[in-house]
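Asks: would you be able to build a 3D model of this:
(one chain, ligands or ions: 1)
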Amino acid sequence: MPPAPETLDGLDCAAILTWLQERDEAALDALWARADEVRRAHVGDAVHLRGLIEISNYCVRHCAYCGIAACAGPLPRYRMTRDEILACARKGRDLGFGTIVLQGGEDPDLTGPFVADVVRGITRETGAAVTLSLGERSDADLRAWRDAGANRYLLRFETTDPELYRRIHPDPPGTVSDRLAQLVRMREMGYEIGTGVMVGIPGQTWDSLANDIWTFRDYDMDMIGIGPYLPSPRTPLAGIFPAADRLDLFAFTLGQAISHEIERLFAGDFALGAVLDAVASLAADNAGRVAEGWLESQPAAVAAGSRRAFLYSPGYCGWHISGQETLFAALRPEAIGIRLNESFLMTPLKSISGVLVLAPAASHRIAATYPFCAQCQSPACRERIPVETVP
Ligand code: SF4
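Replies: Got it, this is the predicted structure:
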């Protein structure tokens, strides 16, 4: 076990990786104590409060986990006026806040001149420092806001793994997100810079996290925030599950023999292999349909009336594919020969798993306004219960 480090300068990426995976309580206590000493030496014991004003919950981005993303389902949206923001800032000053933070989604209607005017108003009327957290913006806007008196800017780069970043933060059409580059440019403009990452993004590795911490050192950030990955509960399933009369976990498989036969045919007779592959996929899906029909025919379902049974699987409808892990822990489908690999895919390939949900028909209806719906090529979940058939 390495000794608790004096500074990050004494660590390389490999040592950070070792510390991230350290489980020895005594070693961790030494690390926490060292961290506490550094904290006390640099910022003391005072707690500094910030007055944070959420000035808009409009956003043009489609981040996979975010409750205010552009297509995060039906949700009341608001954008504060200049007068409302200034009134809040004055109240913050009266309550003793020395810093006012203006935070919002990436909202183009929070224009450069509008925000600059608000920043000028706050600094003139309250004398408070102003921190902005308004996402990725043009250099012209950032410069104007700095000139208007903004002191700090918060922009988390979330992860240094570009693939992981793109998965949770898809770029708007025609643009490429580069938050680290924006952080560097903002520092040149004279901002103090706050950034950070998320921990627990599905697919994130210890190496990736170690690299994130290494990057903090390289970029010499002024403030760092590290928070858990907490996907918004605004998914269709969050509304469907509580409405259920009955939930049944399931896993079905056609077995390994058919996968071997498909592989064999692909090598010699591609067309026949493709046909068998398609038929096997249909058969696996049909096993699910049979289960749905069986559940709907149960006496309790018939007696309740207007009940529909549908299956939901990890990887669909906002249920992240990593949900397979929890499902497998509860269901143990290894007993019928189904295994999970590191990417949460099942072997044999022609297997399906998930939860069968018996619920009032209307509760299965899925709006097309969830973030993942924008990227989904299949309208199946919406077509299976058309709006006009819902009683
Ligand atoms: S940019 Fe921020 S507010 Fe907008 S969707 Fe992404 S996480 Fe949410």
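
Asks: could you verify that Val130 is part of a helix?
Replies: No. Assigned with DSSP: H, G, I helix; E, B strand; the rest coil, Val130 falls outside any helix and is strand.

Asks: residue contacts, it?
Replies: 99-102, 119, 122-123, 149-152 (Cβ atoms under 8 Å, 6 or more residues apart in numbering). For the C-beta atoms, the positions are set from N, CA and C on the backbone; glycine is no exception.

Asks: do Gln21 as well
Replies: Taking Cβ under 8 Å, 6+ apart, we find Gln21 in contact with Trp206.

Asks: who touches stretch 210-224?
Replies: 8-9, 13-14, 16-17, 20, 152, 154, 157, 159-161, 180, 183-184, 192-197.

Asks: please identify the buried residues of it?
Replies: 210-216, 221 (16 or more other Cβ atoms under 10 Å).

Asks: near the ligand, which residues of the chain?
Replies: Counting by Cβ under 6 Å from any ligand atom, the chain comes close to the ligand at 59, 61, 63, 66, 68-69, 105-106, 135.

Asks: and Ile213, how far from Ala35?
Replies: 12 Å (Cβ to Cβ, to the nearest Å).

Asks: wait, isn't Arg146 in contact with Met189?
Replies: Yes. Between Arg146 and Met189 there is a contact under Cβ atoms under 8 Å: 4.9 Å.

Asks: neighbour-wise, which of those two wins?
Replies: Counted by other Cβ atoms under 10 Å, Arg146 and Met189 do not tie: Arg146 has more neighbours, with 18 against 14.

Asks: quickly list what Phe250 is bridged to.
Replies: Judged by DSSP bridges, the bridge partners of Phe250 are Gly354.

Asks: so where do the strands sit in the protein?
Replies: 51-56, 99-104, 129-133, 152-154, 192-199, 223-228, 246-253, 307-312, 339-340, 346-347, 351-360 (DSSP state E).

Asks: let me have those in CSV, extended by mean pLDDT and distance to Gly44.
Replies: Shown next, in CSV, are those (pLDDT from 0 to 100; distance: least, Cβ to Cβ, whole Å):
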stretch, mean pLDDT, distance to Gly44
strand 51-56, 96, 21
strand 99-104, 97, 17
strand 129-133, 98, 18
strand 152-154, 97, 19
strand 192-199, 95, 18
strand 223-228, 92, 16
strand 246-253, 92, 52
strand 307-312, 90, 51
strand 339-340, 92, 49
strand 346-347, 93, 54
strand 351-360, 92, 51
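
Asks: nearest to Leu31, out of the ones you listed?
Replies: Ranking these by proximity to Leu31 (Cβ to Cβ) places strand 223-228 first, at 15.0 Å.

Asks: and that closest one with strand 192-199, angle?
Replies: 20 degrees (axes from the mean of the first three to the mean of the last three Cα atoms, to 10 degrees).

Asks: neighbouring strands - and their directions - for strand 223-228?
Replies: Strand 223-228 pairs in its sheet with strand 192-199 (parallel), by DSSP bridges.

Asks: tell me how far the strand it pairs with lies from the chain's centre.
Replies: 16 Å (Cα atoms, centre = their mean, to the nearest Å).

Asks: use 360 as the first number for this chain going forward.
Replies: Sure thing, new numbering starts at 360, so read that last one as strand 551-558.

Asks: and the contacts of that strand?
Replies: Taking Cβ under 8 Å, 6+ apart as the rule, strand 551-558 contacts 490, 510-519, 538, 542, 545-546, 563, 568, 571, 575, 578, 580-588.

Asks: switch the cut-off to 6 Å
Replies: Here strand 551-558 makes contact (Cβ atoms under 6 Å, 6 or more residues apart in numbering) with 511, 513-518, 542, 545-546, 571, 580-588.

Asks: dump the buried residues of stretch 569-583 to TSV, plus pLDDT and distance to Pro707.
Replies: Shown next, in TSV, are those (pLDDT from 0 to 100; distance: Cβ to Cβ, whole Å):
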residue	pLDDT	distance to Pro707
Ala569	94	36
Asn570	94	36
Asp571	94	37
Ile572	92	40
Trp573	90	41
Thr574	91	41
Phe575	89	44
Met580	88	48
